[in-house]
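Asks: show me how the following folds:
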Amino acid sequence: MTYPWMTLSVVAWMLFTAQCAQQRIVEGPSDTSARLGDTVLLKCRVESQQGAVQWVKNGYGLGNERSLLGFPRYSMEGSVSAGEYNLRITGVEIEDDDLYECQIQAAGSNPTRISNAAKLSVLVEPDPPKLLGRASKLKAVAGDRVYQSCMSKGGKPPAKIGWMIARDPKGLSLVAWFGDSKSKYSSKTDQQIASQELMDADITESIWKSSENLFTVISNISFTPIADHDGMYLVCFANHEAYRTIKTHATLLDLSFAPKVEIVISNSSILKEHGSVVLSCEVKAKPSENIQIAWLNNGEIISEATSKVVTIPNIGVEHHKSKYTCMASNEIGQSSDTKILNIAYGPRITSSEQHVEISPGEQASFVCEADGNPTPEIHWTKAGSSDVLARGNNFTIDSTQAWQRGEYECVASVDGFEPVRLLSFLHIKGPPSVSLTEEIVAYNGDTVEITCEIRGRPQPHDVLWQKNSQSLEYGRLGGRVQVHQVPRQFGIESRLVIQGIRDEDYGVYNCTAVNELGNDFQIMQLKKKSVISLITDALPMYIAIPFCFLALTSTMILICFIFRQHRRKRCGKSAKFSDERSDVTVKCEALDGGQFFPEMYASSTMENSDVICSKDYVSIPQNNPDLDYLPPPSFVGTNYHHPYLASTIDYGGGEHLPGVCFGSSYGSFVSGMNTPSVTDIYTYNPSKLEVSPLETLTEVVTPDIDVANSLINSGIPSLHERPVSRSSTHV
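Replies: Predicted coordinates for the structure are as follows:
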């Protein structure tokens with residue numbers, strides 16, 4: 001069942017609600033920029049529309065028809081059901097630059113609704129920037145003030161003008177900014193602009209607006225260029241919303257400038273003591289003609305140095321930290337550069353020698369200061385030893401003992417140089433200590449100086465010299481022997497000088513020193529030089545040694561030759577066996593031993609040399625024709641020769657029996673030995689000696705005469721061979 005009154009109520013409620021809804025603008029326009037000729041769309045969307053919708057330009061309504069009659073480039077578009085009333089402007093012109101609003105007119109109880117005002121900015125691209133009053137080059141002097149202007153014309157809004165120094169006319173390789181130009185440079189490129197130098201400059205700007213609402217901007221800059229800017233570009237740039245890239249105009253900086261000087265040390269320089277330094281003055285100037293060069297050393301002009309290169313030979317300590325200045329000038333001005341030399345040099349000890357005199361048990365201290373570059377390293381040693389006792393400038397010995405007396409060295413060293421040394425002396429109070437050369441070798445006529453070094457404290461009050469334990473006489477005016485006492489760092493040096501050495505001057509010398517606490521002495525020997533020493537002193541060693549060897553060898557050969565000649569001379573009269581007739585008569589008869597010995601060896605008969613010659617034979621016994629055995633003599637008490645005596649054979653009348661000739665007896669029955677001999681019959685008494693029986697001889701074949709002669713004339717007796725004859729015959 002339907003109730004009519006309920007249907008009417010719903011319809012009435014809907015009509016009431018529709019009449020009571022408020023119209024409103026949901027979306028209004030926003031500020032927009034557009035270039036000339038572009039198309040712009042300003043948005044407007046409404047809800048619960050009751051009144052008509054129109055666009056208002058700067059307070060002037062454009063109409064509520066969508067075609068906007070009277071404004072052919074203007075139109076409203078969009079879906080009506082969606083409440084869209086967007087304003088489209090085609091072919092934007094400068095006159096379109098204005099404020100725009102979307103408006104809903106009042107209807108019934110709904111008031112007029114107006115959107116927010118939106119600014120349509122029409123962008124007009126200005127002309128590219130232009131430098132005023134300059135050619136392609138800006139000629140100036142570095143250090144002088146430079147003025148330049150740049151203009152941007154016909155832009156809307158006005159262009160932003162800035163300045164820079166760049167290596168290229170496009171400003172892509174920036175060097176420096178001027179003033180606030182960096183803030184005017186938008187990042188329309190990928191160029192990095194943050195790290196460039198900022199230079200001071202005075203920049204002013206003027207803006208004019210034309211009747212067409214276009215702007216002209218002129219920027220003026222004043223700055224001081226530097227020499228490094230020569231060959232670079234002064235760039236004026238303009239930034240505008242209508243530009244897709246920065247516009248620039250540049251001029252080349254053609255700068256004249258005073259010399260820019262840099263001193264360079266050549267790689268060939270040796271910056272150490274006794275080295276050399278080559279300094280080169282590198283000058284950059286414009287103009288580069290007629291540049292004047294001058295060198296100064298520590299403020300003083302080096303008159304001979306007028307070129308760009310100066311050489312300092314044989315540098316030393318005095319050159320360390322020296323200031324060398326190169327001054328260069330041209331028509332613009334002058335400038336200079338200075339180098340301070342850093343010269344490496346060897347150590348130099350600035351302290352003086354020290355003498356520390358203390359008693360045993362006390363402390364001794366030494367100080368050593370040294371200079372060098374680099375700073376020297378210092379260590380301490382005892383003289384004659386390489387053991388390092390301490391390092392540093394100070395050296396202290398606690399509780400000194402007598403054995404620590406002596407000389408101590410401060411050694412200062414710098415890498416690359418020879419070390420230097422300073423001797424200091426530690427004197428321990430006590431008896432003196434004497435040192436003396438052990439031996440001196442001299443010639444007659446030489447002058448000899450014997451040095452005696454005496455150490456100790458207190459210093460000796462007396463120094464005595466002796467020779468062979470006898471006191472020396474010296475000190476006489478003009479005397480050959482003089483003594484000089486010379487003070488030394490270690491104590492006293494006593495010099496004994498002997499002029500014109502004589503034989504009596506050679507010997508043992510004694511130097512004795514005496515002080516309040518005791519004495520000490522040393523001895524030495526003064527020797528005479530030998531012949532060999534004369535030769536070795538006169539000739540170099542490599543010549544003297546072969547010479548001495550040759551002389552000794554020659555002397556030995558000469559002695560052997562003389563001896564051999566003398567021996568041959570003495571043997572010249574040796575007997576010879578011959579088959580010719582001779583004055584020698586050999587008589588063979590039978591005699592017994594008793595008859596032969598008294599007659600042959602009796603002392604009474606030995607006095608007469610004639611008897612000896614007439615009876616100088618040996619008989620051959622009949623019962624022993626081969627002389628294999630003879631009995632001993634049957635008598636005693638008679639003088640006879642010693643059983644055997646070996647000596648040099650003398651055939652010309654020897655010492656024993658002058659004027660008597662002897663032959664060679666081989667295996668004599670008297671000798672008892674088968675050796676050649678000269679029998680001395682005056683020497684021994686047989687009564688005092690026991691003679692053994694003769695040994696049995698071996699029977700041999702008797703040689704012929706020629707063989708016998710060759711054996712005798714050879715001059716070489718055989719000591720251990722039997723005679724060649726069966727029967728021994730003696731002449």
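Asks: how is the chain partitioned into domains?
Replies: The chain breaks down by automatic domain parsing into domains covering 21-123, 130-256, 266-340, 345-428, 433-529, 574-731.
Asks: can you put those domains in CSV and add mean neighbour count, mean pLDDT and distance to I545?
Replies: (C-beta placed from N, C-alpha, C; glycine too.) Shown next, in CSV, are the domains of the chain (neighbours: other Cβ atoms under 10 Å; pLDDT from 0 to 100; distance: least, Cβ to Cβ, whole Å):
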stretch, mean neighbour count, mean pLDDT, distance to I545
domain 21-123, 16, 91, 114
domain 130-256, 17, 89, 79
domain 266-340, 15, 92, 41
domain 345-428, 16, 93, 32
domain 433-529, 15, 91, 17
domain 574-731, 14, 44, 37
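Asks: ok, which of those domains comes nearest M556?
Replies: For the domains of the chain, proximity to M556 was assessed by Cβ to Cβ; domain 574-731 is nearest, at 20.5 Å.
Asks: so F425 makes contact with I358?
Replies: No. If you go by Cβ atoms under 8 Å, F425 and I358 don't touch, sitting 11.4 Å apart.
Asks: gap between the closest residue to I226 other than its chain neighbours and S181?
Replies: Excluding the flanking residues, the one nearest I226 by Cβ to Cβ, 6 or more residues apart in numbering is A142, at 5.5 Å. In this view, A142 and S181 are 21 Å apart by Cβ to Cβ, to the nearest Å.
Asks: could you find the closest non-adjacent residue to F71?
Replies: If the residues on either side of it in the chain are set aside, F71 comes closest to L62, at 5.8 Å by Cβ to Cβ, 6+ apart.
Asks: shouldn't that neighbour be in contact with S75?
Replies: No. L62 lies out of contact with S75 (Cβ under 8 Å); the separation is 9.8 Å.
Asks: now for the two: what residues contact both?
Replies: Here L62 and S75 have 68, 87 as joint contacts, going by Cβ atoms under 8 Å, 6 or more residues apart in numbering.
Asks: coming back round to it: okay if I get the domains of the chain as CSV plus distance to I543?
Replies: Formatted as CSV, the domains of the chain follow (distance: least, Cβ to Cβ, whole Å):
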stretch, distance to I543
domain 21-123, 112
domain 130-256, 76
domain 266-340, 39
domain 345-428, 35
domain 433-529, 18
domain 574-731, 41
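Asks: of the ones you listed, which is nearest R568?
Replies: When those are compared by Cβ to Cβ, domain 574-731 sits nearest R568, at 7.5 Å.
Asks: quick one: secondary structure of E65?
Replies: Under DSSP: H, G, I helix; E, B strand; the rest coil, E65 falls in the coil class.
Asks: show me what the closest residue to it other than its chain neighbours is bridged to.
Replies: In space, and not counting its chain neighbours, E65 is closest to M76: 7.9 Å by Cβ to Cβ, 6+ apart. Assessed by DSSP bridges, M76 has beta-bridge partners L87.
Asks: let me see the contact set for M76.
Replies: M76 makes contacts with 53, 55, 65-68, 85-88, as judged by Cβ under 8 Å, 6+ apart.
Asks: swap the cut-off to 10 Å and go again
Replies: If you count contacts by Cβ atoms under 10 Å, 6 or more residues apart in numbering, M76 has them with 42, 44, 53-55, 62-68, 84-88, 102.
Asks: and the gap between R391 and T381?
Replies: Plainly put, R391 is 11 Å away from T381 if you go by Cβ to Cβ.
Asks: overlap in contacts of these two?
Replies: The contact sets of R391 and T381 overlap at V411 (Cβ under 10 Å, 6+ apart).
Asks: hmm, back to that, surely the residue nearest to I226 touches M232?
Replies: No. Using Cβ atoms under 10 Å, A142 is not in contact with M232; the gap is 11.5 Å.
Asks: intersection of neighbour lists for these two?
Replies: Counting by Cβ under 10 Å, 6+ apart, the common neighbours of A142 and M232 are 225, 253, 255.
Asks: out of the residues you listed, which is nearest to A442?
Replies: Nearest to A442 out of those is L255 (Cβ to Cβ; 87.3 Å).
Asks: apart from its neighbours in sequence, what residue is nearest that closest one?
Replies: With sequence-adjacent residues excluded and distances taken as Cβ to Cβ, 6+ apart, L255 is closest to D230, at 4.0 Å.
Asks: which one's the longest strand in this protein?
Replies: With residue count as the measure and DSSP state E as the assignment, the chain has strand 247-265 as its longest strand.
Asks: after that strand comes which helix or strand?
Replies: Toward the C-terminal end, the helix or strand that comes next after strand 247-265 (DSSP states H and E) is strand 277-286.
Asks: how far is the helix or strand that comes right after that next one from where the chain is centred?
Replies: Scanning forward in sequence from strand 277-286 by DSSP H and E, the next helix or strand is strand 292-297. With Cα atoms, centre = their mean, to the nearest Å as the basis, strand 292-297 stands 34 Å off its chain's centre.
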